[in-house]
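Chemist: my questions concern the predicted model and sequence given below.
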Amino acid sequence: MAIIIKMIGDKPVYNKIDPVPEEKEKALKLHKCLETLIPKIEKKFEKEVYDKEKTRKRKSRINNRLVYKLGVGIKQAICDEYLVPEDEIEWVFIAIREIYSKRNVFLQRSKRRDDFRYIFEAAKLPYKFFDKITWDGWRRLMDSPNVRSEKRFITWLERKYDKTKEIKRGFIRKFLKRLNALLKNKDTSVFTDEELFEIYEKAWSLAIAGQNSKEKNCSTK
């Protein structure tokens with residue numbers, strides 16, 4: 001699929017060489033959609049993120065419902081309306097940063113540690129599940145290369161919906177520590193879904209055990 005990733009004056013630059021006319025037409029439609037959608041999303045998020053526009057002080061806790069709603073907007077445009085293939089979606093986020101993002105309210109700590117991508121990933125979960133995680137906790141989870149680089153992680157995480165009341169930042173830290181140890185120097189692409197999910201489950205169980213042990217120690221002091 002052709003995606004416009006840069007504009008030089010009025011001339012579009014595509015992610016592929018010599019796209020056919022039909023691809024160019026579809027790419028232009030997506031371009032016009034994102035050209036309108038992204039500034040609107042940034043404006044709404046900016047109002048939520050900052051207490052007062054003059055001080056530009058970021059709030060410590062961000063409204064999950066708004067984050068999710070904005071992510072759904074991006075997901076609907078990319079996946080539902082314009083049917084961007086999974087292996088081409090990365091080009092869309094490159095284009096968002098290169099062309100459409102104007103207000104710099106969604107942070108980007110590196111090429112792949114991007115809050116635009118993170119709200120999109122959040123929208124893949126049921127809202128009631130995402131609401132069990134704070135936005136700050138979600139960003140910490142997605143910052144991990146072992147989570148961010150593996151597309152099957154979201155599929156597995158959704159399975160925890162009925163078994164989880166709340167996912168606190170401290171638990172996320174413990175989970176990532178165990179997961180990183182279990183996946184150290186491993187290529188997850190060689191694992192079947194069953195094998196990979198078993199590793200996730202083990203890291204999750206170890207994190208719960210560590211949390212319960214800490215709570216028990218605290219109660220006996």
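Modeler: Alright, I've got the coordinates. Numbers count the residues shown, from 1 in each chain.

Chemist: rest of the way, CA atoms for contacts and neighbours
Modeler: Noted.

Chemist: what's around residue 41, how many residues?
Modeler: Residue 41 has 21 neighbours, counted by other C-alpha atoms under 10 Å.

Chemist: and the closest residue to it other than its chain neighbours, what helix or strand is that in?
Modeler: Of all residues not flanking residue 41 in the chain, residue 70 sits nearest, at 6.2 Å (C-alpha to C-alpha, 6 or more residues apart in numbering). Residue 70 is part of helix 64-75 when elements are defined by DSSP states H and E.

Chemist: flag every buried residue along that helix.
Modeler: By 16 or more other C-alpha atoms under 10 Å, the buried positions in helix 64-75 come out as 64, 67, 68, 69, 70, 71, 72, 73, 74, 75.

Chemist: touching that helix from outside, list them.
Modeler: Defining contact as C-alpha atoms under 8 Å, 6 or more residues apart in numbering, one finds that helix 64-75 is touched by 37, 41, 45, 116, 119-123, 127, 130-131, 134-135.

Chemist: returning to what we had before: from the buried residues of helix 64-75, which is closest to residue 175?
Modeler: Nearest to residue 175 among those, counting by C-alpha to C-alpha, is residue 64 at 21.4 Å.

Chemist: give me the pLDDT value at the closest one.
Modeler: pLDDT, residue 64: 91.

Chemist: low-confidence ranges in the chain?
Modeler: Where the chain drops to pLDDT under 70, the residues are 51-60, 212-221.

Chemist: can you list the domains in it?
Modeler: Domain ranges of the chain: 1-124, 127-221, per automatic domain parsing.

Chemist: from the chain's centre, how far out does the first one sit?
Modeler: In this case it means domain 1-124. 12 Å (C-alpha atoms, centre = their mean, to the nearest Å).

Chemist: can you give me the end-to-end distance of that domain?
Modeler: 22 Å (C-alpha to C-alpha, to the nearest Å).

Chemist: for stretch 139-157, same thing?
Modeler: End-to-end distance (C-alpha to C-alpha), stretch 139-157: 15 Å.

Chemist: before we move on, back to that, tell me the one of the contacts of helix 64-75 nearest residue 194?
Modeler: Distances from residue 194 to those, taken as C-alpha to C-alpha, are shortest for residue 121 (21.7 Å).

Chemist: the closest one: which element?
Modeler: Going by DSSP H and E, residue 121 is in helix 115-122.

Chemist: what about the strands in the protein?
Modeler: Taking DSSP state E, the strands of the chain run over residues 4-8, 11-14.

Chemist: elements contacting the first one?
Modeler: Contacts of strand 4-8 with other secondary structure elements, assessed using 3 or more C-alpha pairs under 8 Å, 6 or more residues apart in numbering; DSSP states H and E, are made with strand 11-14, helix 21-49, helix 89-95.

Chemist: quick revisit: gap between the residue nearest to residue 41 and residue 36?
Modeler: Residue 70 sits 13 Å away from residue 36, going by C-alpha to C-alpha.
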